[in-house]
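Asker: I would like the atomic coordinates for the input below:
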Amino acid sequence: MATRRTSKKALYKGIDHLSPSDRELVIDKVTSSGLDLDDLMLLGMEALTAKQTVGTHHLFRQVPSIRINYWDPKDPSKPLTPLPKWPQFFRLRYLESPTDFAALAEKKPQRYIQPPGSGLCAYFPRNLPDGQTWVKIMADPDAPLIITEGEFKAAKATKEGYPTIGLGGVDSFKSSQLGFDFLPELEQVNWVKRHVYIIYDSDFRANENVCAALNRLAEALMARGALPKVVPLPEVLEDGAKTGLDDFLVARSADELAGLLRTAAQPLTLVQSLWKLNSQVIYIYNPGLIIDRETGSKMSPNAFTSHAYATASYSENVMSKDGRLSLKAVSGAQAWISWPLRSEAGRLTYAPGKPKFIEADHPRRTAWNTWEGWGVEPRKGDVKPFLQLVDHIFTGAEPRAKEWFLDWCAYPLQYPGMKLYSSVLIYGIRHGTGKSLIGYSLGRIYGKNFTEISGPELHASFNEWAENKQFVLGDDVTGTDKREDNDRLKKLITQKSLRVNAKFIPSYEIPDCINYLFTSNQPDAFFLEDDDRRTFVHEVVVAPLDEDWYREYELWLDSGGAAAIFHWLLQRNTDAFNPAGRAMMTEAKRRMISDVKSDLGSWVNRLLNDPDAVLKVGEVVVEGDLFTNRELLELYDPTGKTRTTANGLGRELRKSGAQMVANGNPVRSPHGQDRFYIIRNHNKWVKATSKDIQDYFAKMERKASAKKKY
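Answerer: Sure, this is the predicted structure:
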């Protein structure tokens, strides 16, 4: 039996002008959709070199591509045009990702493109099985139709015996540019009582824009008498990527598609109330809750179905024993929970300045953004009252302090969602100076993203106050000397994520974008360590302005002042501000660090900063660089009145940053082995060798012996 041979010319029919690497790209794309080169020719598509691609239109990228030509369904030999006498409509499918600068700036690589201003058409594949024509199919309402997104998907389904119309995009059944709410070639179809199956990619449920477009298409079809249904595709690809109609037919079979059409199709004519719920609520997979789109309130599934939306209902088909269909009213909320087309997102996020729905490469990684926008829109205007208030509050401050504070205010407005690694504390013993008024002024800009809290709320087990917030004013914070409170505050200031613990719903984690401004009347409002880098402290030393001035300020703020502050802060140059940097050290902060220390802490602080003034017995200065905690305790509390222990003193030394010689290991001295703290000549002793240490003790012993002789 003779073996049939295929010539290279036949094998590369239609692509023999391409380079070998470009041929492979064409073949890979065509076969990935379950088609072959014969289909490419039959469909009237053209393979283009990179040079031919850019030669088609100067805005196209210089990469190989496939030109997808559109043909008139009533006469497949004629080009399809958006309007009479217009050029043939076509789109290009890039076969390589462009690498130019414009492509690098794109978040999602562009794969399909068409000439700008070229209109819009629907795609009718020319590879219908023998005996079928689009003229017959379009005229016969008993012939079911599939509508999908993408020409290759439509071509594969049509080849398998399922006539399918392809749309270039989910909303491409209409053209706003040309004034068509339904494309002319689609209007030529007899839709009355025709069963139409809308099959989009499997991830459409996690994209509310696609769901909304699908609903618009269904309504347009229903308005023309069609019976539209949507068919959710299962995910069949091994890598978990979204499944298209062509992917399904390649991985499974045409018979399995027939089974899906029978069992999985959802009739859209009966679920308008569920589509309405889609516009009102959205389901979040993680942590498993429902959000009211208008109010932002969160509900558990049980609360959603049992009371919040218990009155919603819809009708579904019910078949009796004799095979007759009837309608039955059922709970809309309960049906929506299990509805394949419910609006949903994979998780919650809080992303100021970003869209409400944030897409991702996998449905479970999509995110619903709970940020609700700014409180006011920025508008250029008079900001003199605000600047006068700031000048008044910062009277007597270091020259740079006010500028640092204004940068701190401006930076998270210029870069929405930026978490500053510093907070601001403004305190003063006088009431009514305007400390809180600055916070309220900024709060107007943040709108719903602002809240005011008191000290106890910082330490409560439930933290709903932190949910969906960018700016928090802690007003009238009282003094505390608890180190654990300080540690908690440092965590709030710097943490990148926030676990929200609210009542009656599961806890969940979102990005923490909160920046804190605190006010107080107490000079010991916070316990601050010597090396604190997270708190900017300013003391207000002036009396309040006239009451009339504050009343005028409030009126100004309500009548556009907040919008003017917003605009002014957006224009401020913050190039020198480091959002992750250390808060500016002020004299007020140094005073507070000293004020909140215990007696022991103050003594240790003075010891490390001025050892000659502290290491004294009477008026005699105690010599030496290295001391044990017991030796220092004899100097601090020689009579034992404070009940301080040597270990307690050692802990205070370590908290204040004191270091030990020999990395804290015991060293031998004339009095035995012990651990020694470095009190003088720090730089020398942190690098000291064992010999240096032994020489030091020998020298100190000789001095002591000499004094005894004297």
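
Asker: for the helix ranked longest in the chain, packing partners?
Answerer: If you go by DSSP state H, the chain has its longest helix at helix 690-709. For helix 690-709, the packing partners by 3 or more C-beta pairs under 8 Å, 6 or more residues apart in numbering; DSSP states H and E come out as strand 667-669. (Glycine included, C-beta is placed from N, CA and C.)

Asker: what lines up beside the strand it packs on in the sheet?
Answerer: strand 672-674 (antiparallel) (DSSP bridges).

Asker: chain center to the longest helix of the chain, what's the gap?
Answerer: Remark: helix 690-709 is offset 64 Å from the chain centroid, using C-alpha atoms, centre = their mean, to the nearest Å.

Asker: ok, stretch 636-647 next?
Answerer: 54 Å.

Asker: ok, stretch 603-618 next?
Answerer: Distance, stretch centre to chain centre, for stretch 603-618: 52 Å (C-alpha atoms, centre = their mean).

Asker: residues touching that stretch, excluding its own?
Answerer: By C-beta atoms under 8 Å, 6 or more residues apart in numbering, the residues outside stretch 603-618 that reach it are 530, 593-594, 597, 621-622, 624, 632, 635-636, 649, 652-653, 656-658, 679-680.

Asker: in that stretch, what's buried?
Answerer: Neighbour-count burial for stretch 603-618 flags 603-605, 607-608, 611, 614-615 (criterion: 16 or more other C-beta atoms under 10 Å).

Asker: lowest pLDDT pick from those residues?
Answerer: pLDDT is lowest at Asn605 among the buried residues of stretch 603-618; the value there is 82.

Asker: that one: helix or strand, and which one exactly?
Answerer: In this assignment (DSSP states H and E), Asn605 forms part of helix 599-609.

Asker: immediately after that helix, which helix or strand?
Answerer: For helix 599-609, the succeeding helix or strand toward the C-terminus, using DSSP H and E, is helix 611-614.

Asker: may I have the strands that pair with the following helix or strand past that next one, each with its orientation?
Answerer: Per DSSP H and E, helix 611-614 leads on to strand 616-617 as the next helix or strand towards the C-terminus. Pairing partners of strand 616-617, with direction, according to DSSP bridges: strand 620-621 (antiparallel).

Asker: off-centre distance for the next helix or strand along the chain from the strand it pairs with?
Answerer: Downstream of strand 620-621, the first helix or strand assigned by DSSP H and E is strand 626-627. With C-alpha atoms, centre = their mean as the basis, strand 626-627 stands 53 Å off its chain's centre.

Asker: same check on stretch 53-66?
Answerer: Averaging C-alpha positions (C-alpha atoms, centre = their mean) puts stretch 53-66 35 Å from its chain's average.

Asker: stretch 422-429 too?
Answerer: Here the centre of stretch 422-429 is set off from its chain's centre by 30 Å, with C-alpha atoms, centre = their mean.

Asker: what comes up buried for it?
Answerer: 422-428.

Asker: any chance of those residues in CSV, plus secondary structure and distance to Leu145?
Answerer: Shown next, in CSV, are these (DSSP: H, G, I helix; E, B strand; the rest coil; distance: C-beta to C-beta, whole Å):
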residue, secondary structure, distance to Leu145
Ser422, coil, 62
Ser423, strand, 62
Val424, strand, 64
Leu425, strand, 68
Ile426, strand, 68
Tyr427, strand, 72
Gly428, coil, 75
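
Asker: and those residues, which is closest to Gln522?
Answerer: Nearest to Gln522 among the buried residues of stretch 422-429: Tyr427, at 6.5 Å, using C-beta to C-beta.

Asker: residues touching the closest residue to Pro340 other than its chain neighbours, list them.
Answerer: In space, and not counting its chain neighbours, Pro340 is closest to Pro232: 4.5 Å by C-beta to C-beta, 6 or more residues apart in numbering. By C-beta under 8 Å, 6+ apart, the contact set of Pro232 is 202, 204-205, 264, 266, 340-341.

Asker: can you check Met700 too?
Answerer: Contact analysis of Met700 by C-beta under 8 Å, 6+ apart lists 623-624.

Asker: got a list of what Trp685 touches?
Answerer: 625-626, 661, 678, 692.

Asker: could you check how far it is from Tyr440?
Answerer: Distance of Trp685 to Tyr440, given as C-beta to C-beta, to the nearest Å: 52 Å.

Asker: ditto for Asp201
Answerer: As judged by C-beta to C-beta, Asp201 and Tyr440 stand 48 Å apart.
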